[in-house]
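Colleague: Compute the structure for the input listed below.
(one chain, ligands or ions: 1)
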Amino acid sequence: MFDDLDDIYSELIRDHNKSPRNFRVMEDADRQAQGTNPNCGDNYQIFVKMDGDTISDVSFQGSGCAISKSSASLLTEALKGKTKAEIKDAFEKVRDMVTTGEVADTGLGKLAAFAGVYKFPARVKCAILPWHAIVAAIDGGEESVSTE
Ligand code: ZN
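Modeller: This next block holds a predicted model:
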């Protein structure tokens, strides 16, 4: 059963790597942050537009491996319309998931595609990098975050 799920999730990751969603510079972004993972060479800029406490639009630009790029792409799809608190909650759930491989029944949806990453500790930073960047962006404090 898990092999089948892995296949489906791999397909999703491949698709988002090949055709990343919301992959554009947002000229009128309210906030942005850069995330880098020197170990892998991942380097992304995340752009967000806020409507009060809610993200009304989110996009990203940059380059890196399939895991980081598909993670950023799925993140932008999952987080549009979410509040800051919901995003931080999702970040913690995703971080737990990619470090333990356990998918809590918490409505992560497609983000569960990254559960298998826990088997590859070096790739955990790739999967989580866009999350560090968006949290930095919505907090508006740090403009640049690194996994190192
Ligand atoms: Zn990477």
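Colleague: CA atoms for contacts and neighbours, from now on please.
Modeller: Fine.
Colleague: List the buried residues for the helix or strand where Tyr44 lies?
Modeller: Per DSSP states H and E: Tyr44 is located in strand 42-51. Neighbour-count burial for strand 42-51 flags 42-50 (criterion: 16 or more other CA atoms under 10 Å).
Colleague: I'd like those as a markdown table, with distance to Glu27 and pLDDT appended.
Modeller: Formatted as a markdown table, the buried residues of strand 42-51 follow (distance: CA to CA, whole Å; pLDDT from 0 to 100):
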| residue | distance to Glu27 | pLDDT |
| --- | --- | --- |
| Asp42 | 22 | 97 |
| Asn43 | 19 | 98 |
| Tyr44 | 16 | 98 |
| Gln45 | 12 | 97 |
| Ile46 | 12 | 97 |
| Phe47 | 9 | 96 |
| Val48 | 10 | 96 |
| Lys49 | 10 | 95 |
| Met50 | 14 | 93 |
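Colleague: Going along the chain, name the strands of this structure.
Modeller: Assigned by DSSP state E, the chain shows strands spanning 31-37, 42-51, 54-63, 144-146.
Colleague: Get me the contact residues on this structure for the ion.
Modeller: Applying CA under 5 Å from the ion, one finds that the chain approaches the ion through 40, 65, 126.
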